[in-house]
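**Student:** Just a sequence and a predicted model for now, questions to come.
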Amino acid sequence: MRRAALISVPYIWLLALFLIPFLVVFKISLSDIALAIPPYTPTMRDGFWNMLSQLDFENFIFLTEDDLYWKAYVSSLQIALISTVLTLMVGYPMAYAMARAPDQWRPTLLMLVILPFWTSFLIRVYAWVGILSNEGFLNQFLLWVGVIGEPLTILNTNTAVYIGIVYTYLPFMILPIYSALDRLDGSLIEAAEDLGCSRLKAFWLVTVPLSKNGIIAGCFLVFIPALGEFVIPSLLGGSSTLMIGKVLFEEFFSNRDWPVASAVAVILLLILIVPIVLFQRNEQRQAEAET
Amino acid sequence: MAETVFAPWDDPTAEPIIRFRNVTKRFGTFVAIDDLTLDIYPQEFFALLGPSGCGKTTMMRMLAGFENPTEGSIELAGKDIAGVPANKRAVNMMFQSYALFPHLSIWDNIAFGLRRETSDKAAISARVEEMLKLTRLEKLARRKPHQISGGQRQRVALARSLAKAPKLLLLDEPLGALDAKLREATQFELMDIQEKTGTTFVIVTHDQEEAMTVASRIAVMDEGRIMQVATPDRIYEAPASVYVADFIGDVNILAGTVTATGADTYALTWKDGAAPVTAVSEATFTDGQQAHLAVRPEKVAIHTTKPEDVDNLLKGKVLDIAYLGNLSTYHVELPGGQIIKAQTANTRRLSRRSITWEDPVWVGWTKTAGVLLDT
Amino acid sequence: MSRLSPFNVVSLTLGFVFLYVPMLILVIYSFNASKLVTVWAGLSTKWYGELLSNEAFLDAAWVTLRVAVISSTIATVLGTMAAYVLVRGGRFFGRTLFSGMIYAPLVMPEVITGLSLLLLFIGIGLDRGVLTIVLAHTTFSMCFVSVVVSSRLMTFDRSLEEAALDLGASPLDSFRLVTLPIIAPAVISGWLLAFTLSLDDLVIASFTSGPSATTLPMKIWSSVRLGVSPEINALSTIMIGLVTVGVITASLSTKHAALRAKRDEQAATRAT
């Protein structure tokens, strides 16, 4: 009896505030826009079966026909992918260096990586606005050094979005790789070198394969949230930066087209299922390997 | 009045404190306990002995109330305890990991159970002090479990489980985490405390020496069944089966067929062409029956010259010598490959030992030295 | 592996420069007297003064704080219950669905969570305001709490609970007196995580709040969309300062506790 109560409280909460809202989104994605409150039709007021018969896939067909959405999906995938690779390139050397650092430094280094995570995401993205703008610190610095003759346009381009994603998601990449490298037995590298590998070769043949799970986990932890990102493209990207999170937000608040916004959300979720399932499998494999 | 031996299991009028009646416990399709019946008497120090996975821990967890039997009943002091939750049983347990609450001091750990049944602060305090004194922990009362040593933790765990003066105390591998020296000292301490408190102890262990030292009776278990229940000396000297003989201590086993040669004397033909060995047996065998003779190595004598007047004598050569300091065990290979182990006490200095590898020797034992077993 | 090559040192240095310089610039320029954020015009704290006299910001901060405290507290209770069910619940009807609902919000894009909750609130006719934001934040942060707490519960020695039951404690008492005090650090980190997530959230709050409730991130958002603002720099500095002090204090106290535990253990081994 007590157990039933314990299970049912969080269960009902999640059903009511996670699953049901989701079904509502799905239902509205099959509805039509209407000049009414709420601005879609049919609703429950038309009777359940009547409502059910009026649902159709019109919005999804619309999404395939209007190339704005196609481009937004493709460009989201592209931006998320490029940023993930860039984050890996920045994060791996850092994680590697942290794992090689003397024991007494490691807690401090770890704290330095985690600290930004506790500070406001919005503020961290906002910090780059002042750096990347035409009169921003980066351009001032580069002009002063003399590398460039006139200011570069970085803010409001995809480059700024990459920088923003790499910056905000870097801890998610570093931490799993660090924990994989930290567990790595140092004598394995020594054994490889003893067996005739150069240091670089030992790194490629031993360290990288053994940190594979950390790399995979880190990449998914960056890729999955980056795909649906809204704040970074809105703040750092330009009008030509198409990301699906931003499109959804605008579709909903600016166009007030709820059915299309819902359809956009449903498709975004379908796209996300693949990396999420792959991520879960990687985690499971890792957990099994550890036991 | 003559001094009476503590042996309630031989007294038909004694009331057992615990009664397992045809208890079966299944986990899914796995049978952990298989139709087991057992009585344990008040004030016993009862040991459940067996290899891991034999069901001994399951039996203990059923007594504590963490598991319920699938079939059959368990009675505690005459009452069926099926369905009584662990926190309502007059049974306490000392856990293998000790399970001391890390956030509470030693004092509060011991008081934990008392506080659940009374709010009388003076009574709790008196009882805790008593327990601390019993286990010699007075000076450590304010410390936390991680601030004391392994042996002290073991005593805290014991004090905590005894504090409520349970009818029955369960001890799950209580000395497993201690090193050999400390374990030996603690075994005697446990027996001492058991005697002082008069509590019935049921101990689970895989260590036969430990069971032999502390227990009044031992149940040897295997695969969910009890192979034998008896006092330590009976288990050792009169094992009921080859399994028990082999599980407890070292043993030589000769297998063959028996023929009666007297009222209680049998000849065992253990090898074609070799002279049969003779043995006295309480149990009766029919002629031609399959049987095993179990002889302990220390009951086998080793001779460099052929002795006279020995019931059973076999010739072989020394294959190996295991020197253990106080004892030496000789592995003697008989013609045909059978190995017989003979143990002698090293009462003389090493330099004067006369037997070495490859020496031809005779091994011999009396007809009452071994036990004849049918399984 | 404690041999730092020059390459390691360079990558660490550049990495941390990359992580910290943007925030450092924010902090420095929050003390800039000029309205133009990229031109240094001398030291001043006037933006802090303006920020503290800006009622809209103060109101938003108050709303945010209330939402964060209430939602993270409810989320901690629900999340701990959920973790207990996940780790100890055994089998029950719909267990897979339940664990799916715990893990899904962790990877769900905020825009989708926000949109779906908004559509639900409109569907059932709930007025949007502080209450709806609290409901929304509780829902996603309870999942984070349950992940943190369940990873602690998985390594929890169950015989401690059995010992409590064995000594006569009811299941509730054994949770209250034994389990909870031991997993408390995980529960507290869960609460802090939920609190931070709530403080930080822009997207879900934008969807689920109404005209009566504007949170601080929403307020920041509407002003930074127009470009860099010195008031926001000042606000950022305050927030960064608070977090830094908090994290450093927390890590120092854990370090202190770890040191003390180590000393105790050494003393214990000496005592034998």
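**Tutor:** Looks like it arrived, so ask away.
**Student:** For the stretch 151-300 of chain B, just list every one of the helices.
**Tutor:** B:180-197, B:208-214, B:232-237, B:242-247 (DSSP state H, counting those that start in this stretch).
**Student:** Any idea which residue of the stretch 1-150 of chain B lies closest to chain A?
**Tutor:** Distance from chain A to each residue of the stretch 1-150 of chain B (C-beta to the nearest C-beta) is smallest for B:Pro85, at 11.9 Å. Bear in mind the C-beta positions are built from the backbone N, C-alpha and C, glycine included.
**Student:** Report the spatially nearest residue to that residue, omitting neighbours in sequence.
**Tutor:** Leaving aside its sequence neighbours, B:Pro85 sits nearest to B:Gly65 (C-beta to C-beta, 6 or more residues apart in numbering or on different chains; 5.8 Å).
**Student:** which residues touch the one you found?
**Tutor:** By C-beta atoms under 8 Å, 6 or more residues apart in numbering or on different chains, B:Gly65 lies in contact with B:81, B:84-89, B:91, C:165-166.
**Student:** Just the buried ones from those?
**Tutor:** Under a neighbour-count criterion of 16 or more other C-beta atoms under 10 Å in any protein chain shown, the subset of these counted as buried comprises B:81, B:84, B:86-87, B:89, B:91, C:165-166.
**Student:** Out of these, which sit inside helices?
**Tutor:** Per DSSP state H, helices hold the following members of the buried ones among the contacts of B:Gly65: C:165-166.
**Student:** so can I have CSV of the buried ones among the contacts of B:Gly65 showing pLDDT?
**Tutor:** As requested, the buried ones among the contacts of B:Gly65 are arranged in CSV below (pLDDT from 0 to 100):
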residue, pLDDT
B:Ile81, 90
B:Val84, 90
B:Ala86, 90
B:Asn87, 91
B:Arg89, 90
B:Val91, 92
C:Leu165, 94
C:Asp166, 94
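**Student:** From the buried ones among the contacts of B:Gly65, which land in strands?
**Tutor:** Mapping those onto strands (DSSP state E) picks out B:Val91.
**Student:** now the buried ones among the contacts of B:Gly65 in JSON lines, with distance to B:Gly50?
**Tutor:** Supplementary listing: these in JSON lines, determined by distance: C-beta to C-beta, whole Å:
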{"residue": "B:Ile81", "distance to B:Gly50": "23"}
{"residue": "B:Val84", "distance to B:Gly50": "26"}
{"residue": "B:Ala86", "distance to B:Gly50": "23"}
{"residue": "B:Asn87", "distance to B:Gly50": "28"}
{"residue": "B:Arg89", "distance to B:Gly50": "24"}
{"residue": "B:Val91", "distance to B:Gly50": "21"}
{"residue": "C:Leu165", "distance to B:Gly50": "26"}
{"residue": "C:Asp166", "distance to B:Gly50": "23"}
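**Student:** Which pLDDT value does the model give residue 172?
**Tutor:** The chain I'm using is chain A. A:Phe172 is assigned a pLDDT of 93 by the prediction.
**Student:** Switch to chain C, please.
**Tutor:** 90.
**Student:** who touches it in this structure?
**Tutor:** C:Leu172 touches A:Arg2, counting by C-beta under 8 Å, 6+ apart.
**Student:** what about it, which helix or strand?
**Tutor:** C:Leu172 is part of helix C:171-174, with elements assigned from DSSP states H and E.
**Student:** How far away from the center of its chain is that helix?
**Tutor:** Taking the mean C-alpha point of helix C:171-174 and that of its whole chain, the gap between them comes to 29 Å (C-alpha atoms, centre = their mean, to the nearest Å).
**Student:** Check stretch C:149-157 too.
**Tutor:** Per C-alpha atoms, centre = their mean, the displacement of stretch C:149-157 from the mean C-alpha position of its chain is 20 Å.
**Student:** Ok, stretch C:81-96 next?
**Tutor:** Distance of stretch C:81-96 from its chain centroid, counting by C-alpha atoms, centre = their mean, is 24 Å.
**Student:** again with stretch A:59-76
**Tutor:** In terms of C-alpha atoms, centre = their mean, the centre of stretch A:59-76 is found 20 Å from the chain centre.
**Student:** Leaving out chain neighbours, which residue sits closest to residue 38?
**Tutor:** I went with chain A, as the question did not name one. Spatial nearest neighbour of A:Pro38, excluding adjacent residues (C-beta to C-beta, 6+ apart): C:Ile122 at 5.6 Å.
**Student:** oops, chain B please
**Tutor:** Closest residue to B:Leu38 in three dimensions, ignoring its sequence neighbours and counting by C-beta to C-beta, 6+ apart: B:Phe20, at 4.3 Å.
**Student:** Which secondary structure state does that neighbour sit in?
**Tutor:** The three-state assignment at B:Phe20 reads strand, by DSSP: H, G, I helix; E, B strand; the rest coil.
**Student:** Neighbours of it, how many?
**Tutor:** Residue neighbour count, defined by other C-beta atoms under 10 Å in any protein chain shown, stands at 22 for B:Phe20.
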